[in-house]
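K.L.:
With the sequence up front, the predicted model follows.
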Number of protein chains: 2
Amino acid sequence: MPLDFRQLRYFVVLADTLHFGRAAALLHISQPPLSRQIAALEEALGVVLFQRTSRQVELTAAGRHFHEQAARILAALDAAVRSTQATARGERGVLRVGFTMSAAWSVLPRLVKRFGDAYPDADIQLNEVLPRELNESLLSGQADVGIAFPWQRPAGLEYLRVYLEPLCAVLPAGHRLAARPEIAVDELAGEPFITFPASTAPALHEMVIGCCREHGFEPHVRLETHLQQTIVNLVSEGLGVSLVPQSMSRMQLPGAVFLPVSAPRMVEQGLIWAAGNANPCLPGFLECARGIAALTPPTVMADAPQVAGGVDGDM
Amino acid sequence: MPLDFRQLRYFVVLADTLHFGRAAALLHISQPPLSRQIAALEEALGVVLFQRTSRQVELTAAGRHFHEQAARILAALDAAVRSTQATARGERGVLRVGFTMSAAWSVLPRLVKRFGDAYPDADIQLNEVLPRELNESLLSGQADVGIAFPWQRPAGLEYLRVYLEPLCAVLPAGHRLAARPEIAVDELAGEPFITFPASTAPALHEMVIGCCREHGFEPHVRLETHLQQTIVNLVSEGLGVSLVPQSMSRMQLPGAVFLPVSAPRMVEQGLIWAAGNANPCLPGFLECARGIAALTPPTVMADAPQVAGGVDGDM
DNA sequence: CACGATTGATACGGAAGCGGAATCAATGCC
DNA sequence: GGCATTGATTCCGCTTCCGTATCAATCGTG
């Protein structure tokens, strides 16, 4: 009575073969149950689907119509099962990535591309968030994973380092130190610095200030701005100097020169995600990130042609 | 294991309510079988669809996706059942109507419109056929029903009269008899006649020739053509006279005058169909035709304003 | 902190449904 | 006219399913 999937499968095979015996053989059942299931289907529908004589079986007009519908439904069911399994395996779905502009400069494009190649049916939603908002965004479930310079990590958030690189100095092209192949950090002691505001980007703020303090001086902060690109721009205008991750040297500004520093501070970027996040795409994304991490050291070199002298980011 | 429809319905309700007890109540079953069916569904898919704690139920990402799919499939199944039942009732489907141009002049448009109003989801395929080909077309199943002036009817074909009307004379406007309100058929004895070829339209041929013979003369056939419209056109050009069904007077040609004849021969049109035709739309179509037949007599009058004097087609 | 209420999972017994072998009735072929 | 084929029917054994009762885990509350 309640219209079973089995009846649909039986019906479609019978409608294809128009022969109870052969259809039953294809279905790996004997003929009597097939007759009964078809009869039950017809009774459930209240419609005669086959016109039987004792010698041949024919579809009625209603049967022909139901044949198309049933085949479509069975195909849709099969597709639904497959796509659901793919969803559970993380091969399809949506992963919401919250990224900070500061952290996205080098890692994000490669990671997104790698993930897209590995999981072509999974979609990534990229949303920019402020660094201080990232943790809350992850914990509240608004984003599945974040890419950032790590900072104070609350309980419930996991972290995976993806990228390690040295800080380098960035100077105006006409600066007295700009022609040197390498400088020491403390040679910048008297220079006007351009840094990040501690309120919105504490990790980046600490990165520059902390590096200077390690080398024994308190930097003279002349300007603060949120974006690393802006820092480099301001440097190129001659407004000051700064310390930035080496990958920023990808910016090919005529007025700015990137110089390696001796015994540089290493800074890292990584993925942050909520420990309880159940998005099936997340493990695959993390795996891609681990792959990126393994490839990173040589890649850093290739990406930073302007910087002479190699500093390898061993991880 | 084999993925039942019931499991889909159970799953959708549970995904809607996210509460085993309430979902079971909505499904009019108790809670344990629901738990088991959901577990069986998850095992069949190999996918965890719900994240259960003892206090709350939540959909996983795969579960959310499967929810959409399952709801779509169930809706498609419901639609398929309804449309199949509608097909079996003849409320939807395709009815192939073979019509002869000669017979379609008056009845066909009204019949098609009536059927279209009564069965808005059923489609009519109109195909013109030559009169002599109609019977074979019906018997071979290329058409479901035909509209024609009846002729020799082979075994296996049914017939239903739909329309009865008198023949009337059609004369050139300048003809010596054209000013009369009515004429006798034998007054046309000496006139050049325009008729149909006996080979392709035997019924129409006999209609004219037989009428003349009934009135005691053999018409002098000057021209033969297949279409009634062409006959009227040729008459309006002064090339001869003819006898045509009264409904042809709907053609408002300046050069042609339609005149009632005394004691006119009545001619009928009707539906012809194969006795074994199982198209579910056919009974409804026949019913519409019976309705047309009942309405025909007054309609004939309204449609033939140029003909003075009423000749009622009693059926 | 302890008790009760709520929720989903599990155990068991009765009943319904399904599949398979045997058989029947109708039809076509030689 | 005998035989083969085809779908329907019957009966039996088994699986599966539902419902009642119960359990384990958790939350709320005083």
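P.N.:
On my side now, so go ahead.

K.L.:
Regarding residue A:263, what is its secondary structure?
P.N.:
For residue A:263, the assignment made with DSSP: H, G, I helix; E, B strand; the rest coil gives coil.

K.L.:
Identify the residues contacting it.
P.N.:
Shown in contact with residue A:263 (Cβ atoms under 8 Å, 6 or more residues apart in numbering or on different chains): A:184, A:185. Backbone N, C-alpha and C define where each C-beta goes, glycine included.

K.L.:
Can you report phi and psi for it?
P.N.:
phi 50, psi 60 (degrees, to the nearest 10).

K.L.:
Over to residue A:259?
P.N.:
Per degrees, to the nearest 10, the backbone of residue A:259 is at phi -130, psi 130.

K.L.:
do the same with the one 5 residues further on
P.N.:
Residue A:264 has phi and psi values of phi -70, psi 150 when expressed as degrees, to the nearest 10.

K.L.:
That one against residue A:165, yeah?
P.N.:
No. Under the criterion of Cβ atoms under 8 Å, residue A:264 makes no contact with residue A:165, lying 9.0 Å away.

K.L.:
Which one's more surrounded, those two?
P.N.:
Taking neighbours as other Cβ atoms under 10 Å in any protein chain shown, residue A:264 and residue A:165 compare with residue A:165 leading, 25 against 18.

K.L.:
all helices of the stretch 51-200 of chain A, in order?
P.N.:
Applying DSSP state H, counting those that start in this stretch to the stretch 51-200 of chain A gives helices spanning A:61-88, A:107-118, A:131-139.

K.L.:
Return the mean pLDDT over the lengthiest strand in chain A, rounded to an integer.
P.N.:
Ranked by residue count, the top strand of chain A under DSSP state E comes out as strand A:157-172. Computed over strand A:157-172, the mean pLDDT rounds to 92.

K.L.:
In it, which residues are buried?
P.N.:
A:157-158, A:162-172 (16 or more other Cβ atoms under 10 Å in any protein chain shown).

K.L.:
hmm, who's touching stretch A:285-299?
P.N.:
Taking Cβ under 8 Å, 6+ apart as the rule, stretch A:285-299 contacts A:95, A:97, A:107, A:110-111, A:114-115, A:118, A:145, A:160-164, A:270-271, A:273, A:312-315.

K.L.:
Kindly recompute the last result at 6 Å.
P.N.:
For stretch A:285-299, the external contacting residues (Cβ atoms under 6 Å, 6 or more residues apart in numbering or on different chains) are A:95, A:110, A:111, A:114, A:115, A:118, A:160, A:162, A:163, A:271, A:312, A:313.

K.L.:
and the closest residue to DNA strand D within the stretch 151-300 of chain A, how many residues sit next to it?
P.N.:
In the stretch 151-300 of chain A, the residue that lies nearest DNA strand D is residue A:276 (13.5 Å; Cβ to the nearest atom of the strand). For residue A:276, the neighbour count with other Cβ under 10 Å is 9.

K.L.:
Look at it and report its pLDDT.
P.N.:
For residue A:276, pLDDT reads 84.

K.L.:
Give me the phi and psi angles of it.
P.N.:
Note on residue A:276: its backbone torsions stand at phi -90, psi 0 [degrees, to the nearest 10].

K.L.:
what are the ranges of the strands in chain A?
P.N.:
Ranges of strands within chain A are A:50-52, A:57-59, A:92-99, A:121-128, A:145-148, A:157-172, A:192-195, A:220-224, A:242-245, A:256-260, A:266-274, based on DSSP E.

K.L.:
ok, now which ones touch residue A:89?
P.N.:
Contacts of residue A:89 by Cβ under 6 Å, 6+ apart: none found.

K.L.:
And it, its phi and psi?
P.N.:
phi -80, psi 0.

K.L.:
and residue A:141, how many residues sit next to it?
P.N.:
By other Cβ under 10 Å, 13 other residues sit near residue A:141.

K.L.:
Excluding chain neighbours, what is closest to it?
P.N.:
Nearest non-adjacent residue to residue A:141, counting by Cβ to Cβ, 6 or more residues apart in numbering or on different chains: residue A:274, 7.3 Å away.

K.L.:
For burial, what's the neighbour tally of the one you found?
P.N.:
Counted with other Cβ under 10 Å, the neighbours of residue A:274 add up to 22.

K.L.:
Look up how far residue A:273 lies from the closest residue to residue A:94 other than its chain neighbours.
P.N.:
The shortest distance from residue A:94 to any non-neighbouring residue, by Cβ to Cβ, 6+ apart, is to residue A:123 (4.9 Å). According to Cβ to Cβ, to the nearest Å, residue A:123 stands 17 Å off from residue A:273.

K.L.:
Okay, buried residues for stretch A:185-203 please.
P.N.:
Buried residues in stretch A:185-203, counted by 16+ other Cβ under 10 Å: A:185, A:187, A:188, A:191, A:193, A:194, A:195, A:196, A:200, A:201, A:202, A:203.

K.L.:
Just the endpoints, please. Distance across it?
P.N.:
Stretch A:185-203 stretches 19 Å from its first residue to its last (Cα to Cα, to the nearest Å).

K.L.:
State the mean pLDDT of that stretch.
P.N.:
Per-residue pLDDT over stretch A:185-203 has a mean of 91.

K.L.:
chain center to that stretch: distance?
P.N.:
Centre-to-centre, stretch A:185-203 and its host chain are 31 Å apart (Cα atoms, centre = their mean, to the nearest Å).

K.L.:
and if you look at stretch A:199-219?
P.N.:
30 Å.

K.L.:
Please apply the same query to stretch A:232-239.
P.N.:
33 Å.

K.L.:
quick one: pLDDT of residue A:154?
P.N.:
Here the pLDDT value assigned to residue A:154 is 80.

K.L.:
Now it: closest residue in space, sequence neighbours ignored.
P.N.:
Nearest to residue A:154 is residue A:135, by Cβ to Cβ, 6+ apart, at 5.7 Å.

K.L.:
per-residue confidence at residue A:71?
P.N.:
For residue A:71, pLDDT reads 96.

K.L.:
what residues are up against it?
P.N.:
residue A:12.

K.L.:
Kindly report the same for the one 3 residues further on.
P.N.:
Residue A:74 makes contact with residue A:8 under the criterion Cβ under 6 Å, 6+ apart.

K.L.:
same deal with residue A:100?
P.N.:
Contacts of residue A:100 by Cβ under 6 Å, 6+ apart are A:131, A:148.

K.L.:
distance of it from DNA strand C?
P.N.:
To DNA strand C, residue A:100 is 39 Å away according to Cβ to the nearest atom of the strand, to the nearest Å.

K.L.:
cool, residue A:114 as well?
P.N.:
With Cβ to the nearest atom of the strand as the criterion, residue A:114 and DNA strand C are 37 Å apart.

K.L.:
repeat for residue A:45
P.N.:
15 Å.

K.L.:
In stretch A:216-229, which of the residues would be classed as buried?
P.N.:
Using 16+ other Cβ under 10 Å as the test for burial, stretch A:216-229 gives A:219, A:221, A:224, A:225, A:226, A:228, A:229.

K.L.:
quick one, phi/psi of the residue lying farthest from the centre of chain A?
P.N.:
Outermost residue of chain A with respect to the C-alpha centroid, by Cα atoms, centre = their mean, is residue A:54; its distance is 62.3 Å. Backbone torsions for residue A:54, taken as degrees, to the nearest 10, come to phi -70, psi 0.

K.L.:
How about residue A:275?
P.N.:
According to degrees, to the nearest 10, residue A:275 has phi -60, psi -30.

K.L.:
if I pick it, what's in contact with it?
P.N.:
With Cβ under 6 Å, 6+ apart, residue A:275 has these contacts: A:156, A:158.

K.L.:
separation between it and DNA strand C?
P.N.:
Distance from residue A:275 to DNA strand C, by Cβ to the nearest atom of the strand: 23 Å.

K.L.:
Around the residue in the stretch 151-300 of chain A that DNA strand C sits nearest to, count how many other residues there are.
P.N.:
Of all residues in the stretch 151-300 of chain A, residue A:278 sits closest to DNA strand C, at 16.5 Å by Cβ to the nearest atom of the strand. Applying other Cβ under 10 Å, we find 14 residues neighbouring residue A:278.

K.L.:
And residue A:52, how close does it get to DNA strand C?
P.N.:
Residue A:52 is 10 Å from DNA strand C, by Cβ to the nearest atom of the strand.
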